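[1] Got a predicted structure here, sequence first:
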Amino acid sequence: MNENPLLLFNEDRAAARAAVDPMAELCVMATVNAEGHPQARTLVLRSVDDSLILYLNATSPKWSEIEASVAIQTYWPSTGVQYRMRVATSLLPQKRVAERWQYRPEPPKQLDWLYQHWSQSSDIGSRAALLEALEQAKPSMPGAMPDTAKGIVLHPVEIERLNLNHESGVHDRRRYRKIDTLWHHTTLVP
Ligand SMILES: Cc1cc2nc3c(=O)[nH]c(=O)nc-3n(C[C@H](O)[C@H](O)[C@H](O)COP(=O)(O)O)c2cc1C
């Protein structure tokens, strides 16, 4: 077994993709809001050149929460493997965000423009009001991306892998911690 947990994560995710797991591209990201309440939401988790990347909008409340602390979790029912990661984050260069943004479908692109007037997760009152505001949310230039569309790179500092699918029936649970540049692991009671 590869003891670099990021390589292991990529191998496990490839197995979930091969099994056409509907969760293979997703994660749950947890943060803590200003009142100290936990917040969790599903996001698409991209892997690009061995980096894990999330695409977000900086008008969302989660944007300021990310600075404090972030954890992500994945679970692939097809293979019975869960990962939990505590991560540091850095900004993906805006040029790379814009390259990727061009391939988004129209509705999420339009939403990114709407967020200029109505922050993501703000209360707009009704679906009718939302649809009307969307109609009016137009880019300043055709094809342009608003600057609040962001990408963040995840830098895991602690990774836990839980494998439910062990032939003995006893789950295998390991925690990996990065010390300097090396990963060290230990076995946890499942
Ligand atoms: C399958 C799925 C994928 C999603 N992917 C994203 C995503 O990549 N980026 C994003 O900002 N929100 C995504 N969302 C919406 C978020 O779960 C969340 O509702 C939204 O980001 C608002 O979060 P906030 O309340 O923290 O601002 C996704 C939701 C689902 C169900």
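    Looks like it arrived, so ask away.
[2] Does stretch 106-123 reach the ligand?
    Yes. For a cut-off given as C-beta under 6 Å from any ligand atom, stretch 106-123 has contacts with the ligand, namely Gln120, Ser121. For the C-beta atoms, the positions are set from N, CA and C on the backbone; glycine is no exception.
[3] For that stretch, list every residue counted as buried.
    For stretch 106-123, a neighbour-count test (16 or more other C-beta atoms under 10 Å) marks Lys109, Gln110, Leu111, Asp112, Trp113, Leu114, Tyr115, Trp118, Ser119, Gln120 as buried.
[4] between the residues you listed, which is closest to Glu35?
    Ranked by distance to Glu35 (C-beta to C-beta), the buried residues of stretch 106-123 are led by Ser119 at 17.5 Å.
[5] Which helix or strand contains the closest one?
    Using DSSP states H and E, Ser119 sits within no helix or strand.
[6] wait, it sits on Ser60?
    Yes. If you go by C-beta atoms under 8 Å, Ser119 and Ser60 touch, sitting 7.0 Å apart.
[7] I'd like the distance between the residue of the chain positioned farthest from its centre and Pro190.
    What lies farthest from the middle of the chain is Ser168; by C-alpha atoms, centre = their mean that is 32.4 Å. As defined by C-beta to C-beta, to the nearest Å, Ser168 lies at a distance of 11 Å from Pro190.
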